[in-house]
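**Q** What follows is a predicted structure for the sequence shown.
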2 protein chains.
Amino acid sequence: MHSAVSAPAPDNLGAIFDRISGVGAQVGEGVTRLAASAEDGAARALFAEWMTRGGARMSHDAIGNQFACFDWAGERAPLIFAGSHLDTQPRGGRFDGALGVLAAGCAALALQSEVGGGTFRPSHNLVVVNWTNEEGARYQPSLTGSSVFSGVLKMGDALALRDGAGVALRDALAAIGVVGAQGSVPLRPEAYVELHVEQGRKLLAAGFRIGVVEGTWAARKMTVTWNGRAAHTGPTPMADRRDALLAAARGIAAFEAAIAGRYPHLHRSAARLEVWPNSPNVVVDRATVWFELRGVDVLELDRAGQAALAVFEKAAMETGTRLEIVSDLIREPAKMDGRLIAIASEQARLCGFEPLSMLSVAGHDAVALQNSGIPSALIFVPSVDGIAHHPDELTHPDDMHTGLTVLMAVLRRLSEGQMGHGCERQEARHA
Amino acid sequence: MHSAVSAPAPDNLGAIFDRISGVGAQVGEGVTRLAASAEDGAARALFAEWMTRGGARMSHDAIGNQFACFDWAGERAPLIFAGSHLDTQPRGGRFDGALGVLAAGCAALALQSEVGGGTFRPSHNLVVVNWTNEEGARYQPSLTGSSVFSGVLKMGDALALRDGAGVALRDALAAIGVVGAQGSVPLRPEAYVELHVEQGRKLLAAGFRIGVVEGTWAARKMTVTWNGRAAHTGPTPMADRRDALLAAARGIAAFEAAIAGRYPHLHRSAARLEVWPNSPNVVVDRATVWFELRGVDVLELDRAGQAALAVFEKAAMETGTRLEIVSDLIREPAKMDGRLIAIASEQARLCGFEPLSMLSVAGHDAVALQNSGIPSALIFVPSVDGIAHHPDELTHPDDMHTGLTVLMAVLRRLSEGQMGHGCERQEARHA
């Protein structure tokens, strides 16, 4: 009776997805599971319990990346990773991140049953991963856990990050029980596969149900502070004021005007702003704004960034404030692994879904890993109306299951360490 | 030996001023005693202990206004109030508010000694007052305690105010031990006198050491929200975005341009801004900005406010966001009490200080009381460079003591319930 376990049951994914979706959820308010919050802690516990019950050995590293290890091929066997993240934006969607972790978990459990039944004999061990603070909502930079794992970000620097309230990530993790590594943390895998929602409109517009990501846009992230001088908003003569919020407002407005005029195809935003002291009766002393530019061409981002810095400086000059560049980072465009793109595309076709080759505008853990030399694949399923980071984010159940089917086929193939076709073999067994 | 008590010793004021200045102070960071915070609670306790030791009977009402009552003329005698506030802005100055409370306390203690010595027989009782949340830094509106006392603001509405973290003023007060009224709370006084730092440059520029405030500027306070839509800052097509922070930035920049162009003599500011969700990767869903316009002419504020609303609406139209007017309040210009202006000016002259008649741009508790029909006086001493709401705020010790001398003369006169001259009589006794 292998047919019951050889393909993941749709309701398995639906059931665990509904349970996780309830953690940090409020009616009409989406899901709020900020990294290392109590809600994140609850989601992590649920994930660990589910995986442990399914036979996985759990471990986590000091930054809180969770690993559910299925040791099918012995202690020294090479590893395949699959997963995503369980943290969300404030008032975020249910699918972003959680779908990738839970689909990987479902695929692993289904394959585990086959291993138990003797019908599947992988040469690799499979690890389902939940990366810490992918979103970068509470702690910047984003992709924290995957960047630490891949060696791009130092563990000590990551643990020292502070949220808006000044709480160090180290302390936030400790508050949900993550103090140092626990268990045997897996080493670098042979490959990493991530299923994610598209967060755009391209798949549905083009009539595809599966996207295979070939690469990502580049991003330039600039955090700047205007330093003014606190003063009473009433009696202080206008000529004496050095208003940091006025400077920031002019900077934000001029940034949009400059980029829209000269580089209209670049995606750009100013989405976070911290104002001090933020009292209605005190001229703002200090305003910090987080700007982003995204595009395919790094040279163009370089030019657009220079234009942005010029308008920021102009806003400072006009307001008598002092501009300070807190950080100005380029995220290079990534090319996902060619061999994995071919395997994912082939498996999608074998499962009956012609894949769309596409670029991702957003960063993902798979990109962080790929950039550090771990061959990684990123597979998309459609988002309704491209809505993301919003309670209305939606991926239809059919598409979730399509994603799971393709992910499982890819993981089966990779776990076998050979060029066999997951879906084909599965179908052959069903026949 | 009455000479030791008939004039307040400078070091009495200096000593208590230094003690209060240390509460909530950090080196180089000024003083932070937000209303109903732990630091405010500590300052209140120090004030109460000091006054009680000096023979006052302490009480407070349910909004936390503190009253140090000197019952010199019996239970049913009419009352004179003097005071100001002990709360500060974040990283505020030492003098704003505290000087008025502590100088009133010193004057009361000096007069109390004369009463004890039998050389001063007032017909009125004196009450030294510390009003709750004058600053409006933590809770808006400002002037909370004095507005409740004067009947302009309902007690229940004031207690239900919430700070930026959602903490109700009722709960913040309870956390520092203020639950309901305690003791016999005094009724409406016959007059209220407040000594305050100028927070402007006029006194020093004109060579005066005492200002008597004739009236105040009017103010228009507008709080507006732009409602956009949360979305991923990466993949979301630019055309789909409804960015509330871009709208707010354009609104702030256009507000300053419109008012500076047409009404350059008005003081104006946007000093508080709340952004939601304030995550670098989410297009801002909602941005609320606190705008102020100040001037002498209400009709002009009306026209300027209409111009402001027009630019706010334009910013909404251009960004696809929806403008919401959260509140739009006019604070009428006040005229301080003519009889008290005459008395304060006369006493200043008798003490040897020619007073400057002036207008106050900022609101003060004395204005809230005056507007509710309680005759009130507001006396200014110089601020160095007009710096206010900033750690560098400074009033020289000589000027502090000048203010105390004049305040005491006024209180002596008012406590006698007659037209006698405080300084003259004091000097006569010294002769």
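**A** The structure has been received and is ready for your questions.
**Q** looking at chain A, which helix or strand is least sure?
**A** Every helix and strand in chain A was compared by mean pLDDT, DSSP states H and E; the lowest is helix A:3-6, with a mean of 37.
**Q** Strands along the stretch 251-400 of chain A, start to end?
**A** A:267-276, A:286-295, A:322-331, A:355-360, A:376-381 (DSSP state E, counting those that start in this stretch).
**Q** near chain B, which residues of the stretch 101-250 of chain A show up?
**A** A:135-137, A:140, A:142, A:164, A:198-201, A:217, A:219, A:221, A:229-238, A:240-241, A:243, A:245-246, A:248-250 (CB under 8 Å from any CB of the partner chain). Glycine gets a C-beta too; all of them are placed from N, C-alpha and C.
**Q** Tell me which of those residues fall in helices.
**A** A:245-246, A:248-250 (DSSP state H).
**Q** Make TSV out of those and add distance to residue B:109, neighbour count and pLDDT.
**A** Shown next, in TSV, are those (distance: CB to CB, whole Å; neighbours: other CB atoms under 10 Å in any protein chain shown; pLDDT from 0 to 100):
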residue	distance to residue B:109	neighbour count	pLDDT
A:245	43	29	98
A:246	45	29	98
A:248	48	33	98
A:249	49	32	98
A:250	52	26	98
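**Q** Can you tell me which of the residues you listed is closest to residue B:30?
**A** residue A:245 (19.4 Å; CB to CB).
**Q** and the nearest residue to the closest one once chain neighbours are set aside, how many neighbours?
**A** Take residue A:245 and drop its neighbours on the chain: the residue closest to it by CB to CB, 6 or more residues apart in numbering or on different chains is residue A:284, 3.7 Å away. When neighbours are defined as other CB atoms under 10 Å in any protein chain shown, residue A:284 has 31 of them.
**Q** swap in residue A:140?
**A** Residue A:140 has 21 nearby residues by other CB under 10 Å.
**Q** Report the backbone C-alpha coordinates of stretch A:62-80 in CSV.
**A** This file holds the C-alpha atoms of stretch A:62-80, laid out as CSV (Å, rounded to 0.1, in the frame of the first residue of the first chain):
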residue,chain,number,x,y,z
ALA,A,62,23.0,29.9,17.2
ILE,A,63,21.1,32.4,14.9
GLY,A,64,18.0,30.1,15.3
ASN,A,65,17.9,28.5,11.8
GLN,A,66,15.9,25.4,12.4
PHE,A,67,16.8,22.1,10.8
ALA,A,68,14.6,19.0,10.6
CYS,A,69,17.0,16.3,9.5
PHE,A,70,15.9,13.1,7.8
ASP,A,71,19.0,10.8,8.1
TRP,A,72,18.0,8.4,5.4
ALA,A,73,21.4,7.6,4.0
GLY,A,74,23.6,7.5,7.1
GLU,A,75,25.5,10.0,9.1
ARG,A,76,28.1,10.9,6.4
ALA,A,77,25.7,11.1,3.4
PRO,A,78,25.6,14.3,1.5
LEU,A,79,22.7,16.7,2.2
ILE,A,80,19.9,18.3,0.3
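**Q** between the ones in helices among the residues of the stretch 101-250 of chain A next to chain B, which is nearest chain B?
**A** Proximity of these to chain B (CB to the nearest CB) peaks at residue A:249, which lies at 3.6 Å.
**Q** Which residues lie in contact with the closest one in this structure?
**A** Counting by CB atoms under 8 Å, 6 or more residues apart in numbering or on different chains, residue A:249 makes contact with B:248-253, B:270.
**Q** Farthest-apart pair in these, please.
**A** B:250 and B:270 (11.8 Å).
**Q** Please parse chain A into its domains.
**A** A:3-217+A:334-430, A:218-331 (automatic domain parsing).
**Q** Mind checking these for the one nearest to residue B:339?
**A** Nearest of the domains of chain A (CB to CB): domain A:218-331, 25.7 Å.
**Q** now do the same end-to-end measure for the closest one.
**A** Distance between the two ends of domain A:218-331: 5 Å, counting by CA to CA, to the nearest Å.
**Q** How about stretch A:51-62?
**A** Start and end residues of stretch A:51-62 are separated by 20 Å (CA to CA).
**Q** now stretch A:121-141
**A** Taking CA to CA, stretch A:121-141 runs 40 Å from one end to the other.
**Q** before we move on, what about stretch A:290-302?
**A** End to end - CA to CA - stretch A:290-302 spans 17 Å.
**Q** near chain B, anything from it?
**A** Yes: using CB under 8 Å from any CB, stretch A:290-302 comes into contact with chain B via A:290, A:292, A:294.
**Q** Out of the residues of the stretch 101-250 of chain A next to chain B, which sit inside strands?
**A** Judged by DSSP state E, those include A:219, A:221 as members of strands.
**Q** tell me the SS of the residue found closest to residue A:51 once you drop the neighbours it is linked to in the chain?
**A** Once flanking residues are discounted, residue A:51 sits nearest to residue A:68: 3.6 Å by CB to CB, 6+ apart. The three-state assignment at residue A:68 reads strand, by DSSP: H, G, I helix; E, B strand; the rest coil.
**Q** rank the domains of chain A by pLDDT, which is bottom?
**A** Here these differ in mean pLDDT, and the lowest is domain A:3-217+A:334-430 at a mean of 92.
**Q** what angle do the longest helix seen in chain A and strand A:267-276 make?
**A** Scanning chain A for the longest helix, with DSSP H as the assignment, gives helix A:298-319. Relative orientation of helix A:298-319 versus strand A:267-276 (axes from the mean of the first three to the mean of the last three CA atoms, to 10 degrees): 40 degrees.
**Q** helices or strands next to helix A:298-319 in the packing?
**A** If you count contacts as 3 or more CB pairs under 8 Å, 6 or more residues apart in numbering or on different chains; DSSP states H and E, helix A:298-319 packs onto strand A:218-227, helix A:244-262, strand A:286-295, strand A:322-331.
**Q** quick one: contacts of that helix?
**A** A:218-220, A:222, A:224, A:226, A:228, A:242-244, A:246-248, A:250-251, A:254-255, A:257-259, A:262-263, A:266, A:268, A:291, A:293-295, A:321-323, A:325, A:328, A:330, A:332-333.
**Q** Buried ones among the residues you listed?
**A** Using 16 or more other CB atoms under 10 Å in any protein chain shown as the burial test, the contacts of helix A:298-319 include A:218-220, A:222, A:224, A:226, A:228, A:242-244, A:246-248, A:250-251, A:254-255, A:258-259, A:263, A:266, A:268, A:291, A:293-295, A:321-323, A:333 as buried.
**Q** related to what we said a few turns ago, deepest of the strands of the stretch 251-400 of chain A, which one?
**A** strand A:376-381 (a mean of 28; mean count of other CB atoms under 10 Å in any protein chain shown).
**Q** sorry, back to before: how about the domains of chain A, which one is nearest residue B:21?
**A** Per CB to CB, nearest to residue B:21 of the domains of chain A: domain A:218-331, 17.7 Å.
**Q** how far does that closest one sit from the chain's center?
**A** On the basis of CA atoms, centre = their mean, to the nearest Å, domain A:218-331 sits 26 Å off its chain's mean C-alpha point.
**Q** gap between residue A:57 and chain B?
**A** 33 Å (CB to the nearest CB, to the nearest Å).
**Q** For chain B, see how far away the nearest residue in space to that residue that is not next to it in sequence is.
**A** Leaving aside its sequence neighbours, residue A:57 sits nearest to residue A:69 (CB to CB, 6+ apart; 4.6 Å). For residue A:69, the distance to chain B (CB to the nearest CB) stands at 30 Å.
**Q** Please apply the same query to residue A:338.
**A** Distance from residue A:338 to chain B, by CB to the nearest CB: 23 Å.
**Q** what's the answer for residue A:312, then?
**A** Relative to chain B, and taking CB to the nearest CB, residue A:312 is found at 13 Å.
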